[in-house]
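> compute the structure for the input listed below.
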Amino acid sequence: MADVVEKIRSSSSGLDTPREARKRFLNRPRPNPDRFGSATENFARFMGTPQFLLYMTVFCIIWLCWNTFGPADFRFDSAALGFTALTLMLSLQASYAAPLLLLAQNRQDDRDRVSLRQDRQRAERNLSDTEYLTREIAELRIALREVATRDYVRSELRSVLEELLETTDGQELTLKRKPRKPSDATVSLPKVQPRSQSAGRKPVR
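A predicted model of the protein is given here:
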């Protein structure tokens, strides 16, 4: 009995089990959106060029001239009916041109949206980098204020020197230089007499 219940539960599909996809007789066409979009965008761009207008004008002139002045047996559009085939063809072209232009515009809007997002991200990065550099420059300025400059060091040395030269009684100390001992080289050199003494003496012949 338990085996029968398990078989019934396994065979019956509940709400928690997904349904199997139905097999289609014909597969749904799924064109590549990028390739199809690029092709339609190129055609839409070509429709907005002067060459397309020139080609359409030449085509319509040839159509009208052939169906008006051409042989009656080879005419395929009646001028008496107002060139119905040409009118239908142009309306069909216009009906297809509008969706193509919309598709191209949508693709351009998508590209603009992506470029705007990238520009916004780039601007945010530049702003963050600028703020970081500004903070670093401010920290350097604060650090440079605490660094002793040359004038400050000179003034401090001058004040220290003045404090050393002044005694507790207010008298100034005199710095005495110690006499330098002559070296052996200076002792061996002959002494030079001054000009006043040598001028008074006569040269010995």
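
> show me where this structure dips below the pLDDT cut-off.
1-29, 31, 33, 167-205 (pLDDT under 70).

> what residues does stretch 96-113 touch?
Under the contact criterion CB atoms under 8 Å, 6 or more residues apart in numbering, stretch 96-113 has outside partners 37, 40-41, 43-45, 47. C-betas here are computed from N, CA, C, even on glycine.

> put the buried members of those into a ChimeraX selection.
For anyone working in ChimeraX, the buried entries among the contacts of stretch 96-113, judged by 16 or more other CB atoms under 10 Å, can be selected with:
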select :37,40,41,43,44,47
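
> could I get the contacts of stretch 96-113 as TSV with distance to R125?
Converted to TSV, these look like this (distance: CB to CB, whole Å):
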residue	distance to R125
G37	31
T40	35
E41	31
F43	38
A44	35
R45	34
M47	40
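
> need the contacts of stretch 96-113 in TSV with secondary structure and distance to T84, can you?
As requested, those are exported to TSV (DSSP: H, G, I helix; E, B strand; the rest coil; distance: CB to CB, whole Å):
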residue	secondary structure	distance to T84
G37	helix	34
T40	helix	29
E41	helix	32
F43	helix	26
A44	helix	27
R45	helix	31
M47	helix	24
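
> how close does L64 sit to T40?
For L64, the distance to T40 equals 30 Å [CB to CB, to the nearest Å].

> got it, and Y96?
Distance from Y96 to T40, by CB to CB: 10 Å.

> now swap in E131 and tell me
Using CB to CB, E131 is found at 45 Å from T40.

> over to R30?
Where T40 is concerned, R30 sits at a distance of 16 Å (CB to CB).

> so which elements touch whichever strand or helix holds V58?
Here V58 sits within helix 50-69, counting by DSSP states H and E. On a contact count with 3 or more CB pairs under 8 Å, 6 or more residues apart in numbering; DSSP states H and E, helix 50-69 meets helix 84-145.

> same thing but at 10 Å, please
Other helices and strands packing on helix 50-69, by 3 or more CB pairs under 10 Å, 6 or more residues apart in numbering; DSSP states H and E, are helix 33-47, helix 84-145.

> now the last one against helix 33-47, angle please.
Taking axes from the mean of the first three to the mean of the last three CA atoms, to 10 degrees, helix 84-145 and helix 33-47 form an angle of 110 degrees between their directions.
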